[in-house]
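Chemist: Sequence below, structure please.
(one chain, ligands or ions: 1)
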Amino acid sequence: MNPGLFLTFEGIDGSGKSTQARLLAASLRAEGHDVVLTREPGGSPGAEQIRTLVLEGETDRWSPESEILLFTAARRDHLERTIRPALATGKVVISDRYADSTRMYQGLSRGDLRTMVDTLHDLMIGIEPDLTFLIDMDPALGLPRALSRQTGEERFESFGAALQARMRAGFLALAQEFPARIVTVDGEGTPATVADRVLTRLRPKLPPPAHG
Ligand code: TYD
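Modeler: Okay, here's the model as predicted:
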């Protein structure tokens, strides 16, 4: 459908997916690919403003339903202004989180709202990545790492270890639901080791660089 390639990274907080998104962007650029590295919530000026609304403040600041709307509004803006234009010109788009995060964090964390998330996604977003890397990590290793960052964006991390464990199980189940799209990668080991695992899985789907 798109001339470009749309890749996303997903995983629990502290899984190392942001590092992996950066490393993959660097490797592909070194091979001559035109890469747009972006993130959610955010990735466009308007969506970055919504990011502040959803990631800062008290855990009960928003109801799950309001959150679904805010994350979807942010995603729609990100899609219109960053993702679609880049794909249309044949670029490789790498997003640190995308719709699977909403399926998990809003769809699963506080009651079963998955149908609501999926309905809104179909209505307002409608685009799935070509490939999603799920960086799988034991929350006992990931959560302390995420909390130690002190970025002021710990609203979801503040929900605690039990939530992270449910998110991990949820992501693994999601990978089984979409086996053709979601690739589960073991997140333990050095960043370079994990990056090798990612590249190995991507290689068969990677077109030749636009200008090598
Ligand atoms: P992120 O910046 O990826 O955090 P980290 O780098 O620490 O992994 O994501 C911030 C938080 O936003 C994360 O706790 C998950 C949450 N989130 C949702 O709840 N729903 C969403 O749709 C997205 C994209 C993120």
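
Chemist: Contact residues of the chain facing the ligand?
Modeler: Residues of the chain found near the ligand (C-beta under 6 Å from any ligand atom) are 13, 18, 40-41, 55, 71, 96-97, 101-102, 105-106, 146, 156. Any C-beta I mention is one placed from the backbone N, CA and C, and that applies to glycine too.

Chemist: Now, those that are in strands?
Modeler: The strands, defined by DSSP state E, take in residue 96 from the residues of the chain next to the ligand.

Chemist: For my notes, confirm residue 108 occurs in a strand.
Modeler: No - assessed with DSSP: H, G, I helix; E, B strand; the rest coil, residue 108 is coil; it does not lie in a strand.

Chemist: what's the nearest residue to it if we skip its chain neighbours?
Modeler: Leaving out its chain neighbours, the residue that sits closest to residue 108 by C-beta to C-beta, 6 or more residues apart in numbering is residue 170, at 4.8 Å.

Chemist: now the one you found, what's its secondary structure?
Modeler: Residue 170 ends up helix, using three-state DSSP.

Chemist: Could you do the one 10 residues further on as well?
Modeler: When states are read from three-state DSSP, the local structure at residue 180 comes out as coil.

Chemist: where along this protein do the helices fall?
Modeler: Here the chain has its helices, by DSSP state H, at 17-30, 45-55, 64-78, 84-88, 99-101, 114-124, 139-147, 161-177, 191-202.

Chemist: Now do the lowest-mean-pLDDT helix or strand in the chain against helix 17-30, angle only.
Modeler: Least confident helix or strand of the chain, by mean pLDDT, DSSP states H and E, is helix 139-147 with a mean of 78. Angle of helix 139-147 versus helix 17-30, following axes from the mean of the first three to the mean of the last three C-alpha atoms, to 10 degrees, is 80 degrees.

Chemist: Any idea how far helix 139-147 is from the middle of the chain?
Modeler: 17 Å (C-alpha atoms, centre = their mean, to the nearest Å).

Chemist: isn't residue 141 right up against residue 186?
Modeler: No - Residue 141 is not in contact with residue 186 according to C-beta atoms under 8 Å; the separation is 11.8 Å.

Chemist: for this protein, which spans come out with low pLDDT?
Modeler: For the chain, the stretches flagged by pLDDT under 70 are 1-2, 150, 153-159, 211-212.

Chemist: how many other residues sit next to the nearest residue to residue 44 once chain neighbours are set aside?
Modeler: Residue nearest to residue 44 in three dimensions, not counting chain neighbours: residue 81, with 4.1 Å by C-beta to C-beta, 6+ apart. Look at residue 81: counted by other C-beta atoms under 10 Å, it has 15 neighbours.
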